[in-house]
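Undergrad: Predicted model follows, preceded by the sequence.
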Amino acid sequence: MISLQNVSKTFEVGKKKVEALKDVSVEIDKGEIFGIIGFSGAGKSTLIRCVNLLERPTSGKVIIDGTDILTLKKKDLQKVRRNIGMIFQGYNLLKTATVYQNIAIPLRLEGVPAAEIKERVKKYLGIVGLADKAKSYPGELSGGQRQRVAIARALAHEPEVLLSDEATSALDPTTTEQILELLLKINRELGITIFLITHELDVIQRICDRVAVMEQGQIVEQGKVVDVFTKPKHPRTKSFVRNKDVFHVPEAIKKQLEKSGKLVALTFLGESSKDPFLATIAKKFDILPSIIAGGIDQLKDQSVGNLLVHLKGEEPEIKKAISYLQAGEVLVEEVSN
Amino acid sequence: MSSFINEWGDTIWQGFIDTLKMTSISLIISIIIGLPLAILLVLTRKGGEAENRIVYAILNTVINIIRSIPFIILLFFILPFTRLVAQTTIGVQGVIVPLVVYTAPYIARLIESALLEVDRGVVEAYQSMGISTNKIIWFVIVRESRASIVLGLTIATIGLIGATAMAGLVGAGGLGDIAYQFGHLRFQPDVMYTTIIILIIMVQAIQTLGNLLARKLRKN
């Protein structure tokens, strides 16, 4: 559906050249939610803006439904853009227009008939849950509500793709959760493909099917969210995934525990989470497992359990226990200093 | 009091009408010239939708040059041009030309700064929806900055009233002319004070009206 091929972008800041994107290739399939995660300055914002050519790549191809849109004339590019909705971190609504007008004006400028505009505004305000706010001004709404208006504005063009440029980054956790729910609903019920960028792991975890990790203008790792999440390879990915509270144990306690055994991080996926592995290894081997910390992450389609466990016992027994766990499809990672 | 009105009423009324005429006609023509200039400045500036260094530099310089000439000098300086355009250099008709030359660049600057206040993100959002630059200018940039434009025009109108008073020097008529001719030269302080009070009331009314309208347009 969307295919970015060997896209590079160089900015000239004064006399310096800054390479924001270096030979990036990404494929986004129809109907999926694809996320890019990276710290600020990684180039992800430039990348998403290349999809609708708000930023023109210095080299490479941007292919949408088989057409390289870099070759299109202005008028044709405008047509392509109408099929790609976009939402932003700063909402970008007209401050002097009501919620209704904010959705209606772009439609009117596109030449949609008046009767249909009315219908669409009503429909999409309903979908985002703001049917009663049509006459309000953006200044009277909360951040979450403004983002809903922006989403309704994008949806009202009935696009096939929605680009989300850090849409939840300015929102508090509860509101973020609600907006993510809404995006998931849009994806499932309206079948709209979503391409998003974020610096928040939660966003990727909650709604994305696939993820790419960006660093310094390059994609360093990509794949299904479950895989990247449970078996991160690149150090940057690991820093995102392992940055979770579950693995934060005060150094002093860690040292204390390591004297009498080993600290391991266990990740349970799908089926494996139902078996009582800890009880089993305690019985089978001469070790005493104790849980230090734990939690469950809800991914889009499945849950992932994380446990930080202390295995008390002799080295050979611990090794046996670990291989037993691995055979049972539990991911084991030793936590060391 | 009644003898004063009998003696000066008609003259002052005529002056008031002349001032209104000069101000409103020059204002309208200045907006017609100033608004497109402002849009052109915004479009051609660095990072604008139609970035063009040469056009921007020329416009910018010309506007600065005209804006740096005091009105009283400009008035005489462009007399030949005034004669060419208006066929006369005196009366209301004769003074419209210098008033417009003086005000249009000022209005262009005021509107330019109002237009620049509009969030670039909103413009981008509309670009991403496949809407043409022309439409974005009118329905996003100008629309969003209406309140600031109105405030700018209020300032310009008040400046214009001041300029019409100076135009009295070339026989343009109006309240300023009356204050100068009768109040100053013939030493009639009551005439001078009356015209000044009328001018004060005009300025107050315009500023209040401008503020009200701007507040109505600014919804956030």
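TA: Received the coordinates, thanks. Numbering: from 1, shown residues only, chains lettered A, B, ... in the order given.

Undergrad: remind me which residues of chain A are low pLDDT?
TA: For chain A, residues meeting the criterion pLDDT under 70 lie at A:242-247, A:271-274, A:336-337.

Undergrad: As a quick check, tell me the outermost residue of it.
TA: residue A:286 (42.4 Å; CA atoms, centre = their mean).

Undergrad: so what's residue 45 up against?
TA: Picking chain A for this. Residue A:45 makes contacts with A:165, A:166, A:197, as judged by CB atoms under 8 Å, 6 or more residues apart in numbering or on different chains. Just so you know, the C-beta spots here come from the backbone N, C-alpha and C atoms, and that holds for glycine as well.

Undergrad: Let me rephrase: I mean chain B.
TA: Counted by CB under 8 Å, 6+ apart, residue B:45 has contacts B:51, B:56.

Undergrad: Could you check how far it is from residue B:55?
TA: Distance of residue B:45 to residue B:55, computed by CB to CB, to the nearest Å: 10 Å.

Undergrad: name the element the residue nearest to residue B:34 when sequence neighbours are not counted belongs to?
TA: Nearest residue to residue B:34 in three dimensions, chain neighbours excluded: residue B:107, at 3.2 Å (CB to CB, 6 or more residues apart in numbering or on different chains). Taking DSSP states H and E as the criterion, residue B:107 maps to helix B:91-116.

Undergrad: in chain B, what spans have low per-residue confidence?
TA: In chain B (pLDDT under 70), the answer is B:220.

Undergrad: any idea which element residue A:297 lies in?
TA: Assigned by DSSP H and E, residue A:297 belongs to strand A:288-298.

Undergrad: what's that strand packed up against?
TA: Helices and strands touching strand A:288-298, by 3 or more CB pairs under 8 Å, 6 or more residues apart in numbering or on different chains; DSSP states H and E, are helix A:201-207, helix A:277-284, strand A:303-312.

Undergrad: ok, now with 10 Å
TA: Here strand A:288-298 touches helix A:201-207, helix A:251-259, strand A:261-269, helix A:277-284, strand A:303-312, helix A:315-327, going by 3 or more CB pairs under 10 Å, 6 or more residues apart in numbering or on different chains; DSSP states H and E.

Undergrad: what about these, which gets the closest to chain B?
TA: Nearest of these to chain B, taken as CB to the nearest CB: helix A:201-207 at 20.3 Å.

Undergrad: what's downstream of the closest one, the next helix or strand?
TA: Next along from helix A:201-207, by DSSP H and E: strand A:210-215.

Undergrad: That next one pairs with which strands?
TA: In the sheet, strand A:210-215 lines up against strand A:33-37 (parallel), strand A:218-224 (antiparallel) (DSSP bridges).

Undergrad: Next, the buried residues of the last one.
TA: Using 16 or more other CB atoms under 10 Å in any protein chain shown as the burial criterion, the residues of strand A:218-224 that qualify are A:219, A:220, A:221, A:222, A:223.

Undergrad: How many residues are close by residue A:54?
TA: 18 (other CB atoms under 10 Å in any protein chain shown).

Undergrad: Identify the residues contacting the residue nearest to residue A:17 when sequence neighbours are not counted.
TA: Take residue A:17 and drop its neighbours on the chain: the residue closest to it by CB to CB, 6+ apart is residue A:10, 5.4 Å away. Contact partners of residue A:10, counting by CB atoms under 10 Å, 6 or more residues apart in numbering or on different chains, are A:17, A:18, A:19, A:20, A:21, A:22, A:57, A:58, A:59, A:217.

Undergrad: Quickly list what residue A:10 is bridged to.
TA: With DSSP bridges as the rule, residue A:10 is bridged to residue A:19.

Undergrad: any idea how far chain B is from it?
TA: According to CB to the nearest CB, to the nearest Å, residue A:10 and chain B sit 17 Å apart.

Undergrad: Please apply the same query to residue A:90.
TA: If you go by CB to the nearest CB, the gap between residue A:90 and chain B works out to 5 Å.

Undergrad: Roughly how far does the nearest residue to residue B:145 once chain neighbours are set aside sit from residue A:32?
TA: Distances taken as CB to CB, 6+ apart place residue B:114 nearest to residue B:145, at 4.3 Å, with adjacent residues excluded. When distance is defined by CB to CB, residue B:114 is 44 Å away from residue A:32.

Undergrad: Neighbour count: those two, which is higher?
TA: A count of neighbours by other CB under 10 Å puts residue B:114 above the other of residue B:114 and residue A:32, at 23 against 17.

Undergrad: What's the biggest helix in chain B, counting residues?
TA: helix B:2-44 (DSSP state H).

Undergrad: angle of it against helix B:91-116?
TA: Here the directions of helix B:2-44 and helix B:91-116 differ by 40 degrees (axes from the mean of the first three to the mean of the last three CA atoms, to 10 degrees).

Undergrad: isn't the residue nearest to residue B:34 right next to residue B:35, touching?
TA: Yes. Using CB atoms under 10 Å, residue B:107 is in contact with residue B:35, at 7.4 Å.
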